[in-house]
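[1] Here is the input, now give the coordinates:
(2 chains)
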Protein chains: 2
Amino acid sequence: MEKLEGKAIIAMGGGPTAVINQSLVGAALQARQYPHITQFYGAFRGVEGLVEEQMVNLSEATKHNLEMVAQTPGAGIRSTRAKPDEEFCRRIFEVCKAHGIHYFFYIGGNDSAETCRIVAQNAENEGYELRVMHIPKTIDNDLLVTDHCPGYGSAAKYVAQAFAGVNLDNRSLPGVYIAVVMGRHAGFLTASSVFARKFFDDGPHLIYLPERPFDTNEFLASVDAVYAEFGRAVIAVSEGIQDKDGVPITTKIKGEAERDSHGNIRLSGSNSLCDILVQHVKQNLKIKRVIGDTFGYTQRSFLGCVSEVDANEAREVGERAVQIAAWRKGHGSITIKRVGDYGVHYQLTPLEEVAKGTKSMPDNFIDGVNNVSIEFKNYARPLLGHSFPVYERIHAPRVPKIIHKD
Amino acid sequence: MEKLEGKAIIAMGGGPTAVINQSLVGAALQARQYPHITQFYGAFRGVEGLVEEQMVNLSEATKHNLEMVAQTPGAGIRSTRAKPDEEFCRRIFEVCKAHGIHYFFYIGGNDSAETCRIVAQNAENEGYELRVMHIPKTIDNDLLVTDHCPGYGSAAKYVAQAFAGVNLDNRSLPGVYIAVVMGRHAGFLTASSVFARKFFDDGPHLIYLPERPFDTNEFLASVDAVYAEFGRAVIAVSEGIQDKDGVPITTKIKGEAERDSHGNIRLSGSNSLCDILVQHVKQNLKIKRVIGDTFGYTQRSFLGCVSEVDANEAREVGERAVQIAAWRKGHGSITIKRVGDYGVHYQLTPLEEVAKGTKSMPDNFIDGVNNVSIEFKNYARPLLGHSFPVYERIHAPRVPKIIHKD
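    Sure thing, here's the model as predicted:
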C-alpha cells in the first residue's frame, strides 16, 4: 500500500462509445472513497483541454448527475484525436505540477495507451510521481492483451439489432441488401451481424471481414448463389475490406484517401463503398432490387441501445483503474481476462503492451471468406448482454390451392 | 348488425414498419371472436400472393406465436409493391370466390387504400359481397384524413434516438454532421429529429424539410452561422428536399432518377444526397471535419425500437377493422381522430378519401426554412411513447486556471 496524496485528472481520447461515460463515472465515484485523492478533475477534449487547463471538478458533481451521465452515450467531457509529442507532454506536466495532480487516467484505445506511455515516461524522466492508468475503450474490439474492449458489446448489439431489422425488411420486400459496418482493420463489429440470424434462411447470408482478401468475382458469385437459393440476400461488409494485396477497397474507389491526424485513412463518413458494391451487383447480376446502407455514427452512439454486460464492465474498468492507482506505484492498462463461461477478471498490463498495436479476428473466428465460425459466436454472445430482443415468424399451415392446383 | 358468413383474408402492401405486425395480429385475434368469420387467412406478398393462392391459415397459428410476431418488425406475411389493375382485380375475385372469402383486409398506405378501392368497386360490379377494409400504415405519416399513421411513432422514435446519439457524438468530437432521413414528400419523420434536443446548444441545429424550398446558399450560410456559434453543427435533412421549382435535390444529383412500379422516384438506398451536401460544405466553408450518414432501412425496421403508443394503436386499428367489418356492410379505411391531449378514437372513412393522395406538414408545424415549431412538438411528442430515453451532461464547476490565467 503506497499512498500518494494528490489530485487526479481523467480525460478521454478517440472515438466515443455508448458506455464510455460508465468508465468516467466509475472512476469518479471510486476516487471519492479515497481521502488521499483530494480532488477528481475531468479535462475537456482529452489532452488538448488538459494543456489549456480546461477542467471541471468532478468531486463537485452530484451522484445523481454522474449516474445519469453514465447512461449517456458519447464522451461526457468530450474527446480529442490529438496525439501528444514530447513538447506536448512537457505542457501536460506543467499543468499537473501546477495543480498538484498525481493521478492521470486516460480512457481510450491503443493511441490513448500510447499517449499514456509517453506521459508516464516523461514523468519518470522528470522525477515527478504521476500514476498513469489507461482505461480501455473501443467499438472495434482491437486492443491487444485484453479479451475484449468496453464499448464493443453495445456497438455489436446495435449492429445485430440493425441486421435483424433489415433482414426482416428484406424478407418483406426481397432483393439484395448490403450494409457497410465500422471497423478499420478488425472485423469483430461486422462479425456481430451474425447474431441477427435465427432461422436457416435469415441474413446476413454473407459476412465480409477485413481479415480475408475481398475478391469481387467471389463476391458476385456468392451473392448470385444466395439469391438463387433464397430469392434474396442480406450482406454485411466491413468498411475495412481490402484486396489480396492489402489495398482497401475504399481507397481504390475514392482515389485520394483522406487521413486523420494519426495518419489513419478516414473510412467512415463516406458512403462510397456501399454505393460501389450496390452498383457492382446491379451491373453484373440480373437482380432488380439492389439497395444498401452505410451504418454510420449511430453504431457507437445510438441512445438507448446498450449491452448491460458491456455497461457493467465499462464501469468496472474505471473503478479498477482508480483502485489500483490509489494504492500502488506505477502505470498500466486495465485489461479483461475471461474466466469461465461467462465471467471476467480485471488485470494490470504494462502500457507498452497495449500501446504497440492492434489485433484483428483470429483465424478460428472466421469461416471461409464470407462467414464467421461458431467459435466467434461463443466468444461474442455474452458481450451483447442478456436483453437481446427476439423476433418470430408465423407458424401456420398453408391453405390448399383450389384454382392453381399443382 | 349485418352478419355475413365467410372466410377472411389479410394482406400487406408497401414498405413495412416496426409495428405493422401488430395490426396483423390485432385483426387475426379479433376475427377469432366471431364464429361467422369462419377462417382467417393471410396472403403472402400482398395481392401478388393472393392471386397465386399463396396463403396461410392464421386461424391455426397459436396465440403465443402471433403475440411474438406482433413484436417483430417487418411484414410477417411479406409485402408487395404491385398495384392491381382491373385484370388483376378480376383474378383477386376468382380466388375470393373459390375460397369463400367475404372479408378483405389490406394493411398499407394510400396506394394500398387505392387497391382496396378498386377491389371493392370490382366486387360491387360483380355483385359479390366482399367487405373491404383498409388498415393504415406508413412511417411517412402522410395519409389523408387520419391524425397520424401507425408506424410513424416508432420510426420517429428511432430517428430521435439516433439524432440524440449523433448529437452527443458530435459534441465529443466537434465538426459538421449531416444525416439524411426518409420521407419522400412529407417532412414528419425528419421533423421528429427535434426530440433529440435537450440543452440549448444540442442538435439537430438545422432541420430541412421537403415542404420548404432548399436553397444551397441559405444552407451554407446557416451551417456557417451555427458552426460559428457552437463550434459544431448537426443537421437533419429529408431525402425529399427540393429546390424552389420543385425539383428534388436528389434528382438533380443523380441525373436519371430510378422509379418504382408506382412511378415514384426511389430515394432510399442511395447515399448520394448526403455525400453531395457534405462535399458542398467542405468545398465552401473553412471547416475541417464534415461527415454525414444516410439513415437507411433501420429507420423502419430496427429490432427493439418501438413506441408503445404506436404499437398499441397499430394493434387497435387491426382490431377495429375486423370489429366493423364483422357487423356492417360496406368498405372503408380506419382513421385515427385525436381527442384530448392525448387520446384517440378510431373512425371509418370512405376509401376514396384516403386513397386519393397524401399530405405534407402543415404550415404551423414549420418554423422558417430550417426548423420545426412548438406546434409540431406538441403534435408529435405523444406518438413517440412514454419510454423515450434521457441523456444528461455533467454539471460541475470549472477548475480555476493557474498557468493560463485570463
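[2] Tell me where the stretch 301-406 of chain A has helices.
    Secondary structure of the stretch 301-406 of chain A, counting by DSSP state H, counting those that start in this stretch: helices at A:308-327, A:351-355, A:374-380.
[3] near chain B, which residues of the stretch 151-300 of chain A?
    A:161-162, A:164-166, A:168-169, A:171-174, A:177, A:179, A:196, A:268-272, A:274-275, A:278, A:291-298, A:300 (C-beta under 8 Å from any C-beta of the partner chain). The way it works is simple: take the backbone N, C-alpha and C, and place the C-beta from them, glycine included.
[4] tell me which helix or strand of chain A sits lowest on mean pLDDT?
    Within chain A, confidence by mean pLDDT, DSSP states H and E is lowest for helix A:249-254 among all helices and strands, at a mean of 66.
[5] Name the next helix or strand downstream of that helix, please.
    The C-terminal neighbour of helix A:249-254 among helices and strands, as given by DSSP states H and E, is helix A:272-284.
[6] buried sites along that following helix?
    Of all the residues in helix A:272-284, those buried under the rule 16 or more other C-beta atoms under 10 Å in any protein chain shown are A:272, A:273, A:274, A:275, A:276, A:277, A:278, A:280, A:281.
[7] Next step: the residues of the stretch 151-300 of chain A next to chain B restricted to strands.
    A:177, A:179, A:291, A:292, A:293, A:294 (DSSP state E).
[8] which intervals of chain A have sub-threshold pLDDT?
    Counting by pLDDT under 70, the ranges of chain A that qualify are A:251-271, A:406.
[9] Pull out the buried positions in stretch A:190-210.
    A:190-197, A:202-210.
[10] do stretch A:236-243 as well
    Using 16+ other C-beta under 10 Å as the test for burial, stretch A:236-243 gives A:236, A:237, A:238, A:239, A:240, A:241, A:242.
[11] Wait, the fourth one touches residue A:184, no?
    Yes. Judged on C-beta atoms under 8 Å, residue A:239 makes contact with residue A:184 at a distance of 7.1 Å.
[12] hmm, back to that, out of the ones in strands among the residues of the stretch 151-300 of chain A next to chain B, which comes closest to residue A:368?
    Ranked by distance to residue A:368 (C-beta to C-beta), these are led by residue A:179 at 19.8 Å.
[13] What are the neighbouring residues in contact with that closest one?
    A:162-163, A:166, A:193, A:204, A:234-237, A:274, A:292-295, B:296 (C-beta atoms under 8 Å, 6 or more residues apart in numbering or on different chains).
[14] sec struct for residue A:207, please.
    At residue A:207 the chain is in strand, as set by DSSP: H, G, I helix; E, B strand; the rest coil.
[15] so it touches residue A:233, yeah?
    No. Here residue A:207 does not reach residue A:233: they are 11.9 Å apart, not a contact under C-beta under 8 Å.
[16] Beta-bridge partners for the residue lying closest to residue A:38 once chain neighbours are set aside, please?
    The shortest distance from residue A:38 to any non-neighbouring residue, by C-beta to C-beta, 6 or more residues apart in numbering or on different chains, is to residue A:7 (5.5 Å). Bridge pairing for residue A:7 (DSSP bridges) gives the partners residue A:101.
[17] distance of residue A:7 from residue A:123?
    For residue A:7, the distance to residue A:123 equals 15 Å [C-beta to C-beta, to the nearest Å].
[18] tell me, what's touching residue A:207 and residue A:233 both at once?
    By C-beta under 8 Å, 6+ apart, no residue touches both residue A:207 and residue A:233.
[19] who touches the helix or strand residue A:219 falls within?
    For residue A:219, the element it lies in under DSSP H and E is helix A:216-230. With C-beta under 8 Å, 6+ apart as the test, helix A:216-230 has contacts from A:176, A:201, A:205-206, A:208, A:232-233, A:235, A:277, A:280-281, A:284-285, A:287, A:369-370.
[20] wait, which of the residues you listed is closest to residue B:38?
    Nearest to residue B:38 among the contacts of helix A:216-230 is residue A:201, at 32.2 Å by C-beta to C-beta.
[21] What values do phi and psi take at the closest one?
    For residue A:201, the backbone dihedrals (degrees, to the nearest 10) come out as phi -100, psi 10.
[22] what's the burial count for the residue nearest to it when sequence neighbours are not counted?
    Of all residues not flanking residue A:201 in the chain, residue A:230 sits nearest, at 5.0 Å (C-beta to C-beta, 6+ apart). Neighbour count for residue A:230, taken as other C-beta atoms under 10 Å in any protein chain shown: 17.
[23] how close does residue A:230 sit to chain B?
    To chain B, residue A:230 is 13 Å away according to C-beta to the nearest C-beta, to the nearest Å.
[24] Identify the residues contacting the one residue in the stretch 101-250 of chain A that gets nearest to chain B.
    At 3.0 Å from chain B, residue A:168 is the closest residue in the stretch 101-250 of chain A, using C-beta to the nearest C-beta. Shown in contact with residue A:168 (C-beta under 8 Å, 6+ apart): A:391, B:16, B:72, B:73, B:74, B:301, B:303.
[25] Tell me who's in contact with the third one.
    Read that as residue B:72. Going by C-beta under 8 Å, 6+ apart, residue B:72 touches A:168, A:391, A:392, A:393, B:21, B:303.
[26] between the residues you listed, which is closest to residue A:315?
    The nearest member of these to residue A:315, counting by C-beta to C-beta, is residue B:303 at 25.6 Å.
[27] Just confirm the closest one contacts residue A:392, I think it does.
    No. Using C-beta under 8 Å, residue B:303 and residue A:392 do not qualify as a contacting pair, with a distance of 11.4 Å.
[28] What residues does residue A:44 make contact with?
    Contacts for residue A:44 (C-beta under 8 Å, 6+ apart) come out as A:54, A:55, A:56, A:77, A:78.
[29] what's the burial count for the spatially closest residue to it that is not a sequence neighbour?
    For residue A:44, ignoring the flanking residues on the chain, the nearest one in space by C-beta to C-beta, 6+ apart is residue A:54 at 4.4 Å. Look at residue A:54: counted by other C-beta under 10 Å, it has 18 neighbours.
[30] these two touch, right, residue A:54 and residue A:42?
    No. With contacts counted by C-beta under 8 Å, residue A:54 stays clear of residue A:42, the gap being 9.7 Å.
[31] Right, I'll leave it there.
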